[in-house]
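A.B. asks: Test case, fold it:
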Amino acid sequence: MPEPLLRLQRGLLRRPGGERLMPQVLGAVPHFGLEAVLVAVELVLEAGALSADHALNVLARLCDTPLVQTVETTLRLREDPIADTRRYDQLHGLGVSHV
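C.D. replies: The predicted model follows:
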């Protein structure tokens with residue numbers, strides 16, 4: 001196992017239940033790749049806040065893709081929406097619950 005992961009593991013094992021935390025970090029490798037996980041673990045080790053949640057949070061922020069600013073769509077309304085309060089009154093009279 002690479003050195004940063006071993007250092008994180010040693011730190012996590014000092015805590016109660018720490019043996020269950022390392023598999024969470026290792027489970028991110030197939031999704032994000034080993035290099036990304038190692039970078040996130042290095043950042044967590046530098047910060048000194050050793051936790052699996054912190055490592056996964058840093059990893060998610062590192063790999064976060066930017067949001068698309070505009071989306072082109074071809075959807076068009078056939079009819080303009082209208083407010084029909086009579087429909088609500090009719091449903092209310094039938095005992096239909098909206099909750």
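A.B. asks: Report how many residues lie close to H31.
C.D. replies: 10 (other CB atoms under 10 Å). For the C-beta atoms, the positions are set from N, CA and C on the backbone; glycine is no exception.
A.B. asks: How about the one 3 residues further on?
C.D. replies: L34 sits with 13 neighbouring residues when counted by other CB under 10 Å.
A.B. asks: same question, L5
C.D. replies: When neighbours are counted by other CB under 10 Å, L5 registers 20.
A.B. asks: tell me the pLDDT at it?
C.D. replies: pLDDT for L5: 92.
A.B. asks: could you say what helices and strands the helix or strand hosting it packs with?
C.D. replies: Element membership for L5 (DSSP states H and E) is helix 3-13. Identification of packing neighbours for helix 3-13 by 3 or more CB pairs under 8 Å, 6 or more residues apart in numbering; DSSP states H and E yields helix 22-26, helix 34-47.
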